[in-house]
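Asks: I would like the atomic coordinates for the input below:
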Amino acid sequence: MKTPSLMCVISAAAALFLSGIPAPAEESGKTPDTPVAEKEAEAASNGADDFKLLAAESIGKIRHQQKAADLIKIYGEPKSKGKPEMWEAIGEWVEEWEYPALSVALKMSSEERDGPKTVLIATAGKDCKLATARGIKIGSTRAEVEKAYGDVQEKIPGDGPAKPGDPKPDPPAEEKDKEKGEEKSFVAGSIYGGVIFSFKDDKVSEIFLGAAAE
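Replies: Below is the predicted model of the structure:
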């Protein structure tokens with residue numbers, strides 16, 4: 001039997017392609033790649049918008065997932081560092097860094113115990129002068145927070161800003177907070193990725209940047 005020439009092989013392959021016959025990978029049961037637009041839509045429905053907010057936010061020049069080396073270039077070495085602890089929920093080593101002069105505490109994470117670290121969580125305390133990306137800082141009023149972050153406020157616990165058709169928050173839970181005499185915090189994005197403002201006398205007393213739940 002004669003061996004097919006190269007031109008014959010190329011011609012046959014081109015004919016198969018133009019005729020729309022599935023490629024061998026599809027015939028073997030492999031699923032074609034999902035179109036980029038569909039992937040983006042799926043990511044958005046799974047809370048990607050919350051993480052877009054988190055990626056755009058900051059306390060001063062401190063950002064989520066900022067490399068330790070970049071952080072140190074801006075604010076210097078921390079006053080103190082805690083011992084690395086394994087957080088099983090995220091499978092990473094977490095170490096606390098303190099910047100008392102800034103009134104900021106950080107949780108720095110790394111895949112390896114002594115590996116390169118990035119900012120996981122940043123918390124601004126009562127004496128912090130640094131502002132968020134939208135200009136809110138310790139001492140800002142609740143009204144100022146609502147004006148700056150009203151468009152991204154978490155309305156449905158854990159799910160971020162409410163969308164048409166979403167259920168309303170549970171009234172009993174709100175009444176329970178009032179009974180305790182506690183002022184509700186304001187969550188921008190969601191507890192899985194965003195900025196949380198705590199209040200005292202209707203003024204911001206603490207700012208939390210990161211994920212409060214996994």
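
Asks: helix/strand/coil for Lys137?
Replies: Here Lys137 is coil, with the state taken from DSSP: H, G, I helix; E, B strand; the rest coil.

Asks: Enumerate every residue touching it.
Replies: Ala124, Cys128, Lys129, Leu130, Ala131, Val204, Ile207 (CB atoms under 8 Å, 6 or more residues apart in numbering). Heads up, the C-betas are built off the backbone N, CA and C, glycines and all.

Asks: residues contacting the fifth one?
Replies: Contacts were defined as CB under 8 Å, 6+ apart; by that measure Ala131 touches Ile59, Gly60, Lys137.

Asks: Pull the number of nearby residues for the first one.
Replies: Pointing back at Ile59 there. Counted with other CB atoms under 10 Å, residues neighbouring Ile59 total 26.

Asks: from what I can see it touches Lys129, true?
Replies: No. When contacts are counted by CB atoms under 8 Å, Ile59 is not listed as touching Lys129 (10.5 Å).

Asks: Output the contacts of Ala131 as a markdown table; include the columns pLDDT and distance to Glu112.
Replies: Below are these laid out as a markdown table (pLDDT from 0 to 100; distance: CB to CB, whole Å):
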| residue | pLDDT | distance to Glu112 |
| --- | --- | --- |
| Ile59 | 98 | 26 |
| Gly60 | 97 | 28 |
| Lys137 | 98 | 35 |
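
Asks: Adding distance to Glu77 as columns, could you present those in TSV?
Replies: Converted to TSV, the contacts of Ala131 look like this (distance: CB to CB, whole Å):
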residue	distance to Glu77
Ile59	18
Gly60	16
Lys137	24
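
Asks: Among the contacts of Lys137, which one lies nearest to Ile196?
Replies: Distance to Ile196 across the contacts of Lys137 (CB to CB) is lowest for Ile207, with 7.5 Å.

Asks: Touching, that closest one and Ala188? I think so.
Replies: No. At 10.1 Å, Ile207 does not count as touching Ala188 under the criterion of CB under 8 Å.

Asks: Give me the common contacts of these two.
Replies: Val195, Ile196, Phe197.
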